[in-house]
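> structure for this input, please:
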Amino acid sequence: MRVTTAAEMQALDRLAVDTYGIPGVVLMENAGAQVARILWQAFPRLQSQRVAIFCGRGNNGGDGFVIARYLSNAGVAVTVFLIGVPEGLHGDARTHFDIMRRAGVNSQSVTTPESLGEVTTQLGEYDILIDALLGTGLKAEVHGLYGQTIAVLNASRRPIVAVDIPSGLSADTGVVLGEHVRADLTITIALPKRGLLLYPAAAHVGRLVVVDIGFPAAIREHASVRCHLVKPVSIAAHLTERPADTHKGSYGHLLVVAGSLGKTGAGVLACLAALRSGAGLVSFGLPGSLNGAMEARLTETMTIPLPEAEPGVLGAAAATDIVQWLEGKSCLILGPGLGTHRETVQCVHEVLRHTRLPVVLDADGLNAVSMASLSSDEIDAPLVLTPHPGELARLRGTTTASVQADRLRAAGETARACHAVVVLKGAHTIIAEPDGTLHVNLTGNPGMATAGSGDVLSGVIGAFLGQGYAPSLAAQMGVYLHGLSGDLAVAALGTRSLIAGDLIEQLPRAFQQITRLGETPQPDWEHYWLKGKPDHPATKQVA
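As a prediction, the model looks like this:
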């Protein structure tokens, strides 16, 4: 499923109108009807409940007028509160307001703080509040009567349903634009918007539902929209059965170069995760003085002692050995726990200059590139970079806050500049390709904010690279299954008790779950319940 910016969504709307001849008033009708349908499914007692719909003067408000008419026609007690006067409405929104009014739906205009105060005293009479105020076109901070209205909604202690996007959130970046609706359920139109999936805005979306409004498939899958959701069905489609006459050599041989004094655990986690993700063979290259302990610790992994600059520190001379050991391997994982000693940095640079194998560059591998000049033109290997926001900031020569302010843009620009697939870790993880294609992954949870989680991810992605998957697909599969393992672990252990090793233990269950999904026929595209809080009445799962 594609994920749009506000401008991209507007362009798709125009395409539906101008190329396919679907009038805008019909699209608005379909949107309102589909939102009403979801409301019936989300609120089983809707027939006996009172609904207040807060509408702005734009198309978002127009959707609200249609919703009001559908609910009223079904016997629901509904009132529309228009922020402004009907004379301020234009186009399709005005058309649907007039239809709604002729249908006998009760509406009130809110034009001053005093009239809003009168509405506030009435809200205790309503069971559900619907936000159809501002929509996706918002660029500046909310202020004035709209901001005051949003504050009233949030203070109501009533379930709030947002139409398309909670008012006050950026549809493009996930930035919070001043006063904003804190929704329990968001029903977005046609395709999800980027801001719904990016924090901090995503924290105020509640459960997210996408509804079809009659776009032809060619519009929903239009190539101009370059951002996608990582979908489990797509992941399942790429996990093929192993033939009966297979052998370990069929599934790649990874070399993991990692670890330093006190940080050998990073390499251990990457090795074990790679094995649990299907790698046929894994070798662990590390500073020579640490080899004995790791040889005893890792029974399924081969170890390679490498030259040191000092005890426990990888030396510059190790580069020659590593390049030789790469002969016959299918992937290199470089960086977890290596440290940033001057000779270690030199070693990382030399290995990157000489290898042609796919490389997962993580942690101190990324730091080594940030600390000293290494042009992407000097690297011929297919690269998957797996930075957290701080590491990406160092790569870009900027701040973590700048990266987090627009994660999709930061990841995309870095992928193009480095000619690499970039996995920007965090909530939600972004996968960016050099050609500008972006992916957003929704698996994972706060329990995964624990030491070693990123090392596990490197191992999972490396396993797929080693098995011959293209870098972008290996990254998508690795990120999705890593997050799913975290979700399974949290279900059993809770967020506070999760450690990185739990992710590795849950990887088999994650693979089993995704494999079963691939064996089960999937329904046609209609709407998706993407995420949310299951204990709230507004987040009841659609059957």
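
> from now on I want contacts and neighbour counts done on CA atoms only, so please keep to that.
Will do.

> can you list the domains in this protein?
12-223+533-537, 247-519 (automatic domain parsing).

> residue boundaries of the strands in the stretch 1-150 of the chain?
Assigned by DSSP state E, counting those that start in this stretch, the stretch 1-150 of the chain shows strands spanning 50-55, 77-83, 106-110, 128-132.

> the third one - which strands sit beside it in the sheet, and in what orientation?
Based on DSSP bridges, the pairing partners of strand 106-110 within the sheet are strand 77-83 (parallel).

> how about the strand it pairs with as CSV, C-alpha atoms only?
Taking C-alpha atoms only, strand 77-83 is exported to CSV below (Å, rounded to 0.1, in the frame of the first residue of the first chain):
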residue,chain,number,x,y,z
ALA,A,77,-29.0,11.5,16.7
VAL,A,78,-26.4,13.7,15.1
THR,A,79,-25.5,17.4,15.2
VAL,A,80,-23.1,19.3,13.0
PHE,A,81,-21.1,22.2,14.4
LEU,A,82,-19.7,24.3,11.6
ILE,A,83,-16.7,26.5,12.5
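
> where in the chain is pLDDT low?
When residues are selected by pLDDT under 70, those of the chain lie in 518-543.

> please name the nearest non-neighbouring residue to residue 226.
residue 437 (4.9 Å; C-alpha to C-alpha, 6 or more residues apart in numbering).

> residues contacting that neighbour?
Shown here is residue 437, whose contacts under the criterion C-alpha atoms under 8 Å, 6 or more residues apart in numbering are 226-228, 412.

> so the residue at the greatest distance from the centre of the chain versus residue 69, what's the distance?
Distance from the C-alpha centroid of the chain, by C-alpha atoms, centre = their mean, peaks at residue 102 (43.0 Å). Residue 102 sits 10 Å away from residue 69, going by C-alpha to C-alpha, to the nearest Å.

> before we move on, back to that, can you put the domains of the chain in JSON lines and add distance to residue 235?
JSON lines is the format used below for the domains of the chain (distance: least, C-alpha to C-alpha, whole Å):
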{"stretch": "domain 12-223+533-537", "distance to residue 235": "18"}
{"stretch": "domain 247-519", "distance to residue 235": "6"}
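
> what about the strands in the stretch 151-300 of the chain?
Going by DSSP E, counting those that start in this stretch, the stretch 151-300 of the chain shows strands at 160-163, 185-189, 207-211, 227-229, 253-257, 281-287.

> any chance of those in TSV, plus mean neighbour count and distance to residue 87?
Formatted as TSV, these follow (neighbours: other C-alpha atoms under 10 Å; distance: least, C-alpha to C-alpha, whole Å):
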stretch	mean neighbour count	distance to residue 87
strand 160-163	28	23
strand 185-189	27	26
strand 207-211	24	30
strand 227-229	21	38
strand 253-257	27	68
strand 281-287	25	70
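
> wait, which of the ones you listed is closest to residue 108?
Between residue 108 and those, the tightest spacing by C-alpha to C-alpha is seen for strand 160-163, at 19.2 Å.

> what comes into contact with that closest one?
Residues from elsewhere that reach strand 160-163 (C-alpha under 8 Å, 6+ apart): 35, 60, 63-64, 128-132, 135, 153, 181-189, 205, 538.

> first vs last residue of stretch 288-305, how far apart are they?
4 Å.

> without its sequence neighbours, what residue ends up closest to residue 386?
Excluding the flanking residues, the one nearest residue 386 by C-alpha to C-alpha, 6+ apart is residue 423, at 4.6 Å.

> pairing partners for the strand or helix carrying the one you found, with directions?
Using DSSP states H and E, residue 423 falls within strand 421-424. Here strand 421-424 is paired, per DSSP bridges, with strand 383-385 (parallel), strand 430-432 (antiparallel).

> could I get these as a markdown table with distance to residue 471 and mean neighbour count?
Compiled in a markdown table, those are given as follows (distance: least, C-alpha to C-alpha, whole Å; neighbours: other C-alpha atoms under 10 Å):
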| stretch | distance to residue 471 | mean neighbour count |
| --- | --- | --- |
| strand 383-385 | 6 | 26 |
| strand 430-432 | 10 | 31 |
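
> to residue 139, which of the ones you listed lies closest?
Once those are compared by C-alpha to C-alpha, strand 430-432 is nearest, at 23.0 Å.

> next secondary structure element downstream of the closest one?
strand 438-440.

> what sits up against the very next helix or strand once past that next one?
Note on strand 438-440: by DSSP H and E, the next helix or strand toward the C-terminus is helix 453-466. Residues outside helix 453-466 that contact it (C-alpha under 8 Å, 6+ apart): 251-254, 266-267, 269-279, 330-333, 336, 358-360, 362, 386, 471, 474-475, 477-479, 482, 499-500, 503-504.

> let's go with 7 Å and repeat that
251-254, 266, 269-271, 273-274, 277-279, 330-331, 333, 336, 358, 360, 471, 474-475, 478-479, 482, 500 (C-alpha atoms under 7 Å, 6 or more residues apart in numbering).

> follow-up on the earlier one: for the residue nearest to residue 386, give the beta-bridge partners.
With DSSP bridges applied, residue 423 shows beta-bridge pairing to residue 431.

> buried residues in the helix or strand residue 360 falls within?
Element membership for residue 360 (DSSP H and E) is strand 359-361. For strand 359-361, a neighbour-count test (16 or more other C-alpha atoms under 10 Å) marks 359-361 as buried.
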